[in-house]
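**Student:** no FASTA, just this:
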């Protein structure tokens, strides 16, 4: 049995290099691995390409990583939300790149990478600027745009419960993109609210099997992005 437990969030992200592509789980504040992101800020890796559903909120978590100048490109569906202020300003100044992807296509591009499918066709962006420069083919009289898979060097994920071999469960909406990202990254790093012994999770309840997880660190009292923003907090 491979014990994948890691003693700290700092050690868990210590080998993420400059220029890495990093998937970050989370659907807005729900499921955002704040402690791992803040450890990545402390670590200092730069020129990162980050894949997430959005670009963070307030001045904590992903928004703080962007604001600290460590991200050169965002691949996401919602670059601007109700409390996002860091990314929009940097983008208007031309200091960060954006690849905009419809949400369903984003999920499928990540899933395709995990399934070993290098590309697929979708009608979602036909006739829009998002289809420019991409291959278009016709199936049953309807045009479809080819979209490539999305792979990553690392995935940062938050889960509810994990065992030492990496089997994971999630808390409701916090599940979102995380299972797909675990499959699509070469190295998956997970913060778990609770670590249980091997066999402590009913196999029928496992969402992400341990084969897709490389490191686990227990964070028993994780902070929540919305609460940090409400308190006016920023990081670092």
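**Tutor:** Sure thing, it's come through. Everything numeric in this text was worked out from a predicted model, so none of it was measured.
**Student:** Report the contact partners of the closest residue to residue 134 other than its chain neighbours.
**Tutor:** With CB to CB, 6 or more residues apart in numbering as the criterion, residue 134 has its nearest non-adjacent residue at 5.2 Å, and that residue is residue 145. The way it works is simple: take the backbone N, C-alpha and C, and place the C-beta from them, glycine included. Listed by CB atoms under 8 Å, 6 or more residues apart in numbering, the contact partners of residue 145 are 121, 122, 123, 124, 125, 126, 131, 134, 135, 136.
**Student:** just residue 113 next, same as before
**Tutor:** Neighbours of residue 113 in contact, by CB under 8 Å, 6+ apart: 149, 150, 151, 152, 183, 184.
**Student:** from what I can see the second one touches residue 185, true?
**Tutor:** No: in this structure residue 150 lies outside contact range of residue 185 using CB atoms under 8 Å: 9.9 Å.
**Student:** Toward the C-terminus from the helix or strand hosting residue 91, list the very next helix or strand.
**Tutor:** Applying DSSP states H and E as the criterion places residue 91 in helix 86-92. Next along the chain after helix 86-92, taking DSSP H and E as the criterion, comes strand 97-100.
**Student:** Could you pull out the buried residues of stretch 81-92?
**Tutor:** Residues 81, 83, 84, 85, 86, 87, 90, 91 are the ones in stretch 81-92 that count as buried (16 or more other CB atoms under 10 Å).
**Student:** mind checking the backbone torsions on the most far-flung residue of the chain relative to its centre?
**Tutor:** Taking CA atoms, centre = their mean, the residue of the chain most remote from its mean C-alpha position is residue 141, at 35.8 Å. Backbone torsions for residue 141, taken as degrees, to the nearest 10, come to phi 80, psi 10.
**Student:** Please apply the same query to residue 211.
**Tutor:** phi -60, psi -20.
**Student:** Just give the nearest non-adjacent residue to it, would you?
**Tutor:** Spatially, and ignoring its direct neighbours in sequence, residue 211 is nearest to residue 166 (7.5 Å; CB to CB, 6+ apart).
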